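[1] model the structure of this input:
(2 chains)
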There are 2 protein chains.
Amino acid sequence: MQTMFRYNWIIREQWYKWCEDVPYEELIRRRTGGVGGILHTLFHVVDVEWSWIRIIQGKTDFQESFDNYNTIEKIRQLDRVFRPEVEEFVNAWNESLEARPFVDVRPDGRIETFAWGEVARHVSAHHIHHMGQLSVWAREIGKQPVSANLIGKGLIRIDN
Amino acid sequence: MQTMFRYNWIIREQWYKWCEDVPYEELIRRRTGGVGGILHTLFHVVDVEWSWIRIIQGKTDFQESFDNYNTIEKIRQLDRVFRPEVEEFVNAWNESLEARPFVDVRPDGRIETFAWGEVARHVSAHHIHHMGQLSVWAREIGKQPVSANLIGKGLIRIDN
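    All right, here's what the predicted structure looks like:
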(Lines give C-alpha, C1' and ligand atoms only; values in the text may rest on other atoms or scores of the structure.)
Protein backbone atom coordinates (compact mmCIF):
# COMPACT_ATOMS: atom_id res chain seq x y z
CA MET A 1 0.00 0.00 0.00
CA GLN A 2 2.79 2.42 0.95
CA THR A 3 4.81 1.39 -2.12
CA MET A 4 1.95 2.26 -4.47
CA PHE A 5 1.56 5.75 -2.99
CA ARG A 6 5.30 6.38 -3.22
CA TYR A 7 5.32 5.12 -6.81
CA ASN A 8 2.47 7.50 -7.64
CA TRP A 9 4.29 10.49 -6.13
CA ILE A 10 7.38 9.75 -8.26
CA ILE A 11 5.28 9.38 -11.42
CA ARG A 12 3.31 12.54 -10.65
CA GLU A 13 6.51 14.57 -10.25
CA GLN A 14 7.70 13.18 -13.57
CA TRP A 15 4.46 14.27 -15.26
CA TYR A 16 4.84 17.78 -13.78
CA LYS A 17 8.33 17.91 -15.28
CA TRP A 18 6.99 16.50 -18.60
CA CYS A 19 4.45 19.34 -18.72
CA GLU A 20 7.24 21.94 -18.67
CA ASP A 21 8.09 21.15 -22.31
CA VAL A 22 4.51 21.17 -23.58
CA PRO A 23 2.70 24.30 -24.82
CA TYR A 24 0.03 25.53 -22.41
CA GLU A 25 -2.73 25.19 -25.07
CA GLU A 26 -2.03 21.44 -25.19
CA LEU A 27 -2.06 21.11 -21.40
CA ILE A 28 -5.41 22.84 -21.16
CA ARG A 29 -7.00 21.47 -24.36
CA ARG A 30 -10.29 19.62 -23.95
CA ARG A 31 -9.68 15.90 -24.66
CA THR A 32 -11.75 12.74 -24.94
CA GLY A 33 -12.01 10.56 -21.82
CA GLY A 34 -11.29 10.89 -18.12
CA VAL A 35 -11.76 14.39 -16.72
CA GLY A 36 -11.02 15.81 -20.16
CA GLY A 37 -7.53 17.30 -20.12
CA ILE A 38 -3.93 16.98 -18.96
CA LEU A 39 -3.73 19.65 -16.25
CA HIS A 40 -7.25 18.87 -15.13
CA THR A 41 -6.16 15.24 -14.59
CA LEU A 42 -3.16 16.24 -12.49
CA PHE A 43 -5.33 18.55 -10.41
CA HIS A 44 -7.91 15.77 -10.05
CA VAL A 45 -5.50 13.13 -8.73
CA VAL A 46 -4.00 15.55 -6.19
CA ASP A 47 -7.51 16.52 -5.07
CA VAL A 48 -8.82 12.94 -4.87
CA GLU A 49 -5.78 11.57 -3.04
CA TRP A 50 -5.99 14.20 -0.30
CA SER A 51 -9.79 14.17 -0.13
CA TRP A 52 -10.07 10.40 0.43
CA ILE A 53 -7.37 10.43 3.10
CA ARG A 54 -9.26 13.24 4.84
CA ILE A 55 -12.74 11.78 4.42
CA ILE A 56 -11.99 8.39 5.95
CA GLN A 57 -10.57 10.22 8.97
CA GLY A 58 -13.79 12.21 9.29
CA LYS A 59 -12.16 15.48 8.22
CA THR A 60 -13.47 17.99 5.67
CA ASP A 61 -12.45 17.43 2.06
CA PHE A 62 -11.51 19.68 -0.87
CA GLN A 63 -14.31 21.20 -2.90
CA GLU A 64 -12.55 23.71 -5.14
CA SER A 65 -12.83 23.93 -8.88
CA PHE A 66 -10.10 23.27 -11.45
CA ASP A 67 -10.69 26.82 -12.73
CA ASN A 68 -8.65 28.06 -9.76
CA TYR A 69 -5.82 25.54 -10.36
CA ASN A 70 -5.39 25.61 -14.12
CA THR A 71 -1.61 26.01 -14.31
CA ILE A 72 1.15 23.56 -13.51
CA GLU A 73 2.53 26.01 -10.91
CA LYS A 74 -0.79 26.21 -9.07
CA ILE A 75 -1.19 22.42 -9.08
CA ARG A 76 2.35 21.89 -7.82
CA GLN A 77 1.68 24.43 -5.09
CA LEU A 78 -1.53 22.65 -4.09
CA ASP A 79 0.36 19.35 -4.07
CA ARG A 80 3.03 20.88 -1.80
CA VAL A 81 0.30 21.92 0.64
CA PHE A 82 -1.48 18.53 0.61
CA ARG A 83 1.41 16.10 0.35
CA PRO A 84 2.84 16.32 3.89
CA GLU A 85 -0.51 15.30 5.37
CA VAL A 86 -0.91 12.41 2.93
CA GLU A 87 2.68 11.30 3.52
CA GLU A 88 2.17 11.34 7.27
CA PHE A 89 -0.92 9.16 6.86
CA VAL A 90 0.80 6.74 4.48
CA ASN A 91 3.97 6.47 6.58
CA ALA A 92 1.89 5.67 9.66
CA TRP A 93 -0.08 2.94 7.82
CA ASN A 94 -0.13 -0.47 9.49
CA GLU A 95 -1.92 -3.79 9.21
CA SER A 96 -4.47 -2.87 11.89
CA LEU A 97 -5.97 -0.21 9.61
CA GLU A 98 -6.68 -2.58 6.70
CA ALA A 99 -10.12 -3.75 7.81
CA ARG A 100 -11.20 -0.60 9.68
CA PRO A 101 -14.66 0.43 8.45
CA PHE A 102 -15.37 3.71 6.74
CA VAL A 103 -19.10 4.46 6.59
CA ASP A 104 -19.88 6.55 3.54
CA VAL A 105 -23.18 8.42 3.51
CA ARG A 106 -23.90 9.34 -0.13
CA PRO A 107 -25.65 12.56 -1.18
CA ASP A 108 -28.80 10.50 -1.90
CA GLY A 109 -28.78 9.08 1.64
CA ARG A 110 -27.52 5.61 0.69
CA ILE A 111 -24.98 4.19 3.10
CA GLU A 112 -21.97 2.18 1.94
CA THR A 113 -19.21 0.76 4.09
CA PHE A 114 -15.65 0.29 2.85
CA ALA A 115 -12.50 -1.01 4.51
CA TRP A 116 -9.72 1.57 4.91
CA GLY A 117 -7.44 -0.87 3.04
CA GLU A 118 -9.87 -0.80 0.12
CA VAL A 119 -9.97 2.98 0.10
CA ALA A 120 -6.18 3.24 0.20
CA ARG A 121 -5.84 0.87 -2.77
CA HIS A 122 -8.68 2.61 -4.57
CA VAL A 123 -6.78 5.90 -4.34
CA SER A 124 -3.61 4.25 -5.71
CA ALA A 125 -5.42 2.52 -8.56
CA HIS A 126 -7.32 5.72 -9.37
CA HIS A 127 -4.03 7.58 -9.79
CA ILE A 128 -2.48 4.94 -12.05
CA HIS A 129 -5.65 4.75 -14.16
CA HIS A 130 -5.53 8.49 -14.82
CA MET A 131 -1.80 8.43 -15.65
CA GLY A 132 -2.67 5.78 -18.26
CA GLN A 133 -5.03 8.31 -19.82
CA LEU A 134 -2.26 10.93 -19.85
CA SER A 135 -0.05 8.48 -21.73
CA VAL A 136 -2.55 8.33 -24.62
CA TRP A 137 -2.92 12.11 -24.75
CA ALA A 138 0.88 12.49 -24.70
CA ARG A 139 1.10 10.41 -27.87
CA GLU A 140 -1.67 12.51 -29.44
CA ILE A 141 0.62 15.52 -28.97
CA GLY A 142 3.46 13.50 -30.46
CA LYS A 143 5.42 13.30 -27.21
CA GLN A 144 6.75 10.25 -25.37
CA PRO A 145 4.79 9.75 -22.12
CA VAL A 146 6.33 9.29 -18.70
CA SER A 147 7.19 5.61 -18.21
CA ALA A 148 4.75 3.74 -15.96
CA ASN A 149 7.50 1.38 -14.76
CA LEU A 150 7.40 0.65 -11.04
CA ILE A 151 10.54 -1.51 -11.11
CA GLY A 152 13.93 0.17 -10.97
CA LYS A 153 12.84 3.03 -8.72
CA GLY A 154 14.31 1.58 -5.52
CA LEU A 155 10.87 1.33 -3.91
CA ILE A 156 11.49 -1.97 -2.11
CA ARG A 157 14.66 -3.08 -0.38
CA ILE A 158 16.25 -6.13 -2.02
CA ASP A 159 17.69 -9.00 0.05
CA ASN A 160 21.37 -9.72 -0.53
CA MET B 1 -0.40 -7.07 -3.42
CA GLN B 2 -3.01 -9.86 -3.64
CA THR B 3 -5.84 -7.31 -3.58
CA MET B 4 -4.44 -5.49 -6.61
CA PHE B 5 -4.21 -8.69 -8.67
CA ARG B 6 -7.76 -9.68 -7.73
CA TYR B 7 -8.97 -6.19 -8.59
CA ASN B 8 -7.28 -6.45 -11.99
CA TRP B 9 -8.90 -9.82 -12.74
CA ILE B 10 -12.35 -8.39 -12.00
CA ILE B 11 -11.71 -5.34 -14.18
CA ARG B 12 -10.29 -7.49 -17.00
CA GLU B 13 -13.40 -9.70 -17.02
CA GLN B 14 -15.53 -6.54 -17.17
CA TRP B 15 -13.56 -5.29 -20.18
CA TYR B 16 -14.01 -8.67 -21.92
CA LYS B 17 -17.75 -8.33 -21.36
CA TRP B 18 -17.63 -4.68 -22.53
CA CYS B 19 -16.01 -5.82 -25.79
CA GLU B 20 -19.00 -8.05 -26.60
CA ASP B 21 -21.08 -4.98 -27.48
CA VAL B 22 -18.42 -3.29 -29.62
CA PRO B 23 -17.96 -3.92 -33.36
CA TYR B 24 -14.85 -5.95 -34.15
CA GLU B 25 -13.42 -3.18 -36.38
CA GLU B 26 -13.32 -0.90 -33.31
CA LEU B 27 -11.66 -3.55 -31.13
CA ILE B 28 -8.95 -4.12 -33.70
CA ARG B 29 -8.57 -0.53 -34.95
CA ARG B 30 -5.10 0.98 -34.69
CA ARG B 31 -5.16 3.69 -32.00
CA THR B 32 -2.79 6.30 -30.60
CA GLY B 33 -0.84 5.35 -27.47
CA GLY B 34 0.00 2.21 -25.55
CA VAL B 35 0.25 -0.94 -27.66
CA GLY B 36 -2.11 0.63 -30.19
CA GLY B 37 -5.50 -1.04 -29.84
CA ILE B 38 -8.18 -2.45 -27.54
CA LEU B 39 -7.79 -6.21 -28.10
CA HIS B 40 -4.05 -5.84 -28.39
CA THR B 41 -4.03 -4.22 -24.93
CA LEU B 42 -6.06 -7.05 -23.37
CA PHE B 43 -3.74 -9.61 -24.95
CA HIS B 44 -0.74 -7.62 -23.72
CA VAL B 45 -1.79 -7.48 -20.06
CA VAL B 46 -2.58 -11.21 -19.98
CA ASP B 47 0.79 -11.95 -21.58
CA VAL B 48 2.77 -9.60 -19.31
CA GLU B 49 1.11 -10.77 -16.09
CA TRP B 50 1.87 -14.42 -16.77
CA SER B 51 5.32 -13.76 -18.22
CA TRP B 52 6.57 -11.79 -15.21
CA ILE B 53 5.27 -14.37 -12.76
CA ARG B 54 7.07 -17.05 -14.77
CA ILE B 55 10.30 -15.10 -15.31
CA ILE B 56 10.96 -14.32 -11.65
CA GLN B 57 10.55 -18.02 -10.92
CA GLY B 58 13.14 -18.85 -13.56
CA LYS B 59 10.58 -20.39 -15.93
CA THR B 60 10.20 -19.75 -19.66
CA ASP B 61 7.91 -16.90 -20.67
CA PHE B 62 5.41 -16.27 -23.46
CA GLN B 63 6.76 -15.09 -26.79
CA GLU B 64 3.77 -15.32 -29.12
CA SER B 65 2.44 -12.55 -31.30
CA PHE B 66 -0.90 -10.77 -31.00
CA ASP B 67 -1.62 -11.89 -34.58
CA ASN B 68 -2.48 -15.32 -33.18
CA TYR B 69 -4.73 -13.89 -30.43
CA ASN B 70 -6.67 -11.16 -32.19
CA THR B 71 -10.20 -12.06 -31.06
CA ILE B 72 -11.83 -11.71 -27.67
CA GLU B 73 -12.48 -15.48 -27.62
CA LYS B 74 -8.82 -16.31 -28.19
CA ILE B 75 -7.68 -13.86 -25.51
CA ARG B 76 -10.21 -15.21 -23.01
CA GLN B 77 -9.02 -18.74 -23.81
CA LEU B 78 -5.38 -17.72 -23.27
CA ASP B 79 -6.38 -16.08 -19.99
CA ARG B 80 -8.14 -19.28 -18.89
CA VAL B 81 -4.93 -21.21 -19.56
CA PHE B 82 -2.65 -18.73 -17.74
CA ARG B 83 -4.86 -17.60 -14.84
CA PRO B 84 -4.71 -20.71 -12.63
CA GLU B 85 -0.92 -20.52 -12.49
CA VAL B 86 -0.96 -16.79 -11.70
CA GLU B 87 -3.68 -17.29 -9.08
CA GLU B 88 -1.71 -20.04 -7.41
CA PHE B 89 1.32 -17.74 -7.25
CA VAL B 90 -0.68 -14.79 -5.92
CA ASN B 91 -2.57 -16.87 -3.35
CA ALA B 92 0.70 -18.27 -2.03
CA TRP B 93 2.26 -14.80 -1.70
CA ASN B 94 3.68 -13.94 1.70
CA GLU B 95 5.83 -11.29 3.35
CA SER B 96 9.02 -13.37 2.97
CA LEU B 97 8.87 -12.98 -0.82
CA GLU B 98 8.81 -9.17 -0.79
CA ALA B 99 12.56 -8.57 -0.75
CA ARG B 100 13.64 -11.72 -2.63
CA PRO B 101 16.00 -10.71 -5.46
CA PHE B 102 15.25 -11.32 -9.11
CA VAL B 103 18.35 -10.87 -11.27
CA ASP B 104 17.35 -9.71 -14.73
CA VAL B 105 19.88 -10.15 -17.52
CA ARG B 106 18.83 -7.82 -20.35
CA PRO B 107 19.27 -8.65 -24.04
CA ASP B 108 22.19 -6.20 -24.15
CA GLY B 109 23.93 -8.01 -21.26
CA ARG B 110 23.14 -5.40 -18.61
CA ILE B 111 22.18 -6.86 -15.26
CA GLU B 112 19.45 -5.35 -13.08
CA THR B 113 18.17 -6.69 -9.79
CA PHE B 114 14.60 -6.18 -8.62
CA ALA B 115 12.76 -7.29 -5.49
CA TRP B 116 9.92 -9.77 -6.11
CA GLY B 117 7.63 -7.31 -4.30
CA GLU B 118 8.59 -4.64 -6.80
CA VAL B 119 7.88 -6.95 -9.74
CA ALA B 120 4.49 -7.96 -8.31
CA ARG B 121 3.47 -4.32 -7.90
CA HIS B 122 4.89 -3.45 -11.30
CA VAL B 123 2.62 -6.06 -12.89
CA SER B 124 -0.41 -4.65 -11.04
CA ALA B 125 0.38 -1.04 -11.93
CA HIS B 126 1.08 -2.02 -15.54
CA HIS B 127 -2.40 -3.53 -15.82
CA ILE B 128 -4.17 -0.51 -14.33
CA HIS B 129 -2.17 1.85 -16.55
CA HIS B 130 -3.31 0.01 -19.68
CA MET B 131 -6.95 -0.08 -18.52
CA GLY B 132 -6.70 3.71 -18.20
CA GLN B 133 -5.76 3.81 -21.89
CA LEU B 134 -8.77 1.63 -22.75
CA SER B 135 -11.00 4.12 -20.95
CA VAL B 136 -9.93 6.91 -23.32
CA TRP B 137 -10.43 4.75 -26.40
CA ALA B 138 -13.86 3.69 -25.11
CA ARG B 139 -14.94 7.34 -25.06
CA GLU B 140 -13.55 7.79 -28.58
CA ILE B 141 -16.00 5.08 -29.69
CA GLY B 142 -18.73 6.88 -27.75
CA LYS B 143 -19.10 4.16 -25.13
CA GLN B 144 -18.90 4.38 -21.34
CA PRO B 145 -15.73 2.64 -20.12
CA VAL B 146 -15.59 0.02 -17.38
CA SER B 147 -15.40 1.77 -14.00
CA ALA B 148 -11.93 1.72 -12.45
CA ASN B 149 -13.40 1.71 -8.92
CA LEU B 150 -11.64 -0.62 -6.52
CA ILE B 151 -14.02 0.11 -3.63
CA GLY B 152 -17.32 -1.73 -3.42
CA LYS B 153 -16.01 -4.99 -4.91
CA GLY B 154 -15.72 -6.79 -1.57
CA LEU B 155 -11.96 -7.14 -1.96
CA ILE B 156 -11.10 -6.60 1.70
CA ARG B 157 -12.96 -7.87 4.71
CA ILE B 158 -14.43 -5.07 6.84
CA ASP B 159 -14.28 -5.18 10.64
CA ASN B 160 -17.64 -5.07 12.43
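[2] look up the closest residue to A:R157, ignoring the ones flanking it.
    Closest residue in space to A:R157, ignoring its immediate chain neighbours: B:A99 at 5.4 Å, by Cβ to Cβ, 6 or more residues apart in numbering or on different chains. For the C-beta atoms, the positions are set from N, CA and C on the backbone; glycine is no exception.
[3] tell me the pLDDT at that neighbour?
    If you check B:A99, the pLDDT there is 96.
[4] over to the one 10 residues further on?
    For B:G109, the pLDDT comes out at 92.
[5] tell me where chain A has strands.
    Counting by DSSP state E, one finds strands in chain A at the ranges A:101-105, A:111-115.
[6] pick the most buried one from those strands.
    Of the strands of chain A, the one with the most neighbours on average (mean count of other Cβ atoms under 10 Å in any protein chain shown) is strand A:111-115, at a mean of 16.
[7] tell me what angle that one forms with strand A:101-105.
    Orientation of strand A:111-115 against strand A:101-105 (axes from the mean of the first three to the mean of the last three Cα atoms, to 10 degrees) gives an angle of 150 degrees.
[8] quick one: strands adjacent to strand A:111-115?
    When pairs are called by DSSP bridges, strand A:111-115 turns out to pair with strand A:101-105 (antiparallel).
[9] picking up where we left off before, could I get the contacting residues of the residue nearest to A:R157?
    For B:A99, the contact set (Cβ atoms under 8 Å, 6 or more residues apart in numbering or on different chains) comprises A:I156, A:R157, A:I158, A:D159, B:A115, B:W116, B:G117.
[10] show me the beta-bridge partners of the fifth one.
    Beta-bridge partners recorded for B:A115 (DSSP bridges): B:P101.
[11] among the contacts of B:A99, which are in helices?
    Counted as lying in helices by DSSP state H, out of those, are B:W116, B:G117.
[12] pull the most distant pair out of the contacts of B:A99.
    A:R157 and B:W116 (11.7 Å; Cβ to Cβ).
[13] neighbour count for these two, which is higher?
    Counted by other Cβ atoms under 10 Å in any protein chain shown, A:R157 and B:W116 do not tie: B:W116 has more neighbours, with 21 against 11.
[14] so that one touches B:E98, yeah?
    Yes - using Cβ atoms under 8 Å, B:W116 is in contact with B:E98, at 6.6 Å.
[15] that older thread, distance to A:R31 for the strands of chain A - can I get that in CSV?
    Output for the strands of chain A, formatted as CSV (distance: least, Cβ to Cβ, whole Å):
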stretch, distance to A:R31
strand A:101-105, 30
strand A:111-115, 30
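[16] separation between A:H44 and chain B?
    Separation of A:H44 from chain B (Cβ to the nearest Cβ, to the nearest Å): 13 Å.
[17] can you pull the contacts of that residue?
    By Cβ under 8 Å, 6+ apart, the contact list for A:H44 reads A:V35, A:F66, A:H130.
[18] state the distance from it to A:G34.
    8 Å (Cβ to Cβ, to the nearest Å).
[19] what sits in contact with each of the two?
    A:H130.
[20] for chain B, what's its nearest residue on chain A.
    A:G132 (2.2 Å; Cβ to the nearest Cβ).
[21] for that residue, which non-adjacent residue is spatially closest?
    Leaving aside its chain neighbours, A:G132 sits nearest to B:G132 (2.2 Å; criterion: Cβ to Cβ, 6+ apart).
[22] over to A:E20?
    A:I72 (7.1 Å).
[23] my read is that that neighbour contacts A:Y16, right?
    Yes - between A:I72 and A:Y16 a contact is recorded at 6.1 Å, counting by Cβ under 8 Å.
[24] which of these two has more residues huddled nearby?
    Taking other Cβ under 10 Å, A:I72 and A:Y16 do not tie; A:I72 has more neighbours (21 against 16).
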